Each structure stands twice: as structure tokens, then as C-alpha cells.
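Chemist: I would like to see how this sequence folds:
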Amino acid sequence: MSLFHLVYASSATEPFSREHLLALLEISRRNNAKVDITGMLLYRDGNFMQVLEGEEAAVRGVHVKIARDPRHRGLLTLLEGPIESRSFAGWRMGFRELNRRELESNPGYTEFLNDDWLSPKMTENPGRAMRLLETFRQSMR
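Modeler: Numbering: from 1, shown residues only. Okay, the predicted model is just below:
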């Protein structure tokens, strides 16, 4: 089986409460397990960034569902393609909600983390999105 990953960013049509986020994660994790998808979701100030990993057809299928979800707008694919191995193996959907204080406590990453995830800075260098997600994967061990 060849592996594939896709990283996207989007904005919520309305801000998600903590309870709403947890419900979304519960459903996502259950659905991802059914099709062997792993990944991570970041949420900050009404914006999402997510990486999905798995078989290409499964990843694209989940991405299509997300694109059709009326709770999202401005969905932008930042990075996609084949991968040698999973970066988020064993994580049906890792999650991190970012707040301003947490961002400011990471001086080496402050400017990077404060960038608008849908901005040209991110879209012109999609590897930045994957580095952001991997930084939080490492901090959650």
C-alpha cells in the first residue's frame, strides 16, 4: 500500500466551542479508524489546519467530505503527495487548540505561528504547514 498525505487550512463559518471541538474530534477519530486515516488537527481563532495520512483514495475521500461540510469555508489545500511513512502513526486524529498565550510562550515560533494559515506566506511555502504540525506532534509526546 502506498501512503499519501494532504495538509489543508480552512476557516470555521462560526467559532467552535470547546465542546463542539471535542464532539468533532470524537466523530473524526471514529470515522478515520474505519478507513485507516491518521493525522493531526490544529485549531486557532476559528481557523483549522489539518494533516491527513493514509491510502490516497481514503485521504481524498475524507478531504471531499470536509470540503462539503458547511461548517468550513475557504478550504485551501497546502500540501499533498506520496509519503514514505506516516508522521502521525497511531494518531486517529491528534488535536491541539492554540491560544495567544501559548503562541507567545514559543519565541522561536511566534512569528510563524501567528501567520494567517490561509496567507500567501503559507501557501507559497507549503512545507511550513507540515513543519508546524510536526512541531506540535513532538510537543505532545
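Chemist: What ranges in the chain fall below the confidence cut-off?
Modeler: 1, 96-141 (pLDDT under 70).
Chemist: Which stretches in it count as helices?
Modeler: 18-34, 56-68, 100-104, 110-114, 120-124, 127-139 (DSSP state H).
Chemist: Give me the phi and psi angles of D69.
Modeler: phi -70, psi 120 (degrees, to the nearest 10).
Chemist: neighbours of V51, just the number please.
Modeler: 28 (other Cβ atoms under 10 Å). Yep, even glycine has a C-beta here, placed from its N, CA and C like the rest.
Chemist: Dig out what it forms beta bridges with.
Modeler: V7, M40 (DSSP bridges).
Chemist: That one and L78: what is the separation?
Modeler: Going from V51 to L78 by Cβ to Cβ, to the nearest Å gives 9 Å.
Chemist: contacting residues around the nearest residue to T77 once chain neighbours are set aside?
Modeler: Leaving out its chain neighbours, the residue that sits closest to T77 by Cβ to Cβ, 6 or more residues apart in numbering is Y8, at 5.0 Å. Neighbouring residues of Y8 by Cβ atoms under 8 Å, 6 or more residues apart in numbering: 48-50, 63, 66, 75-78.
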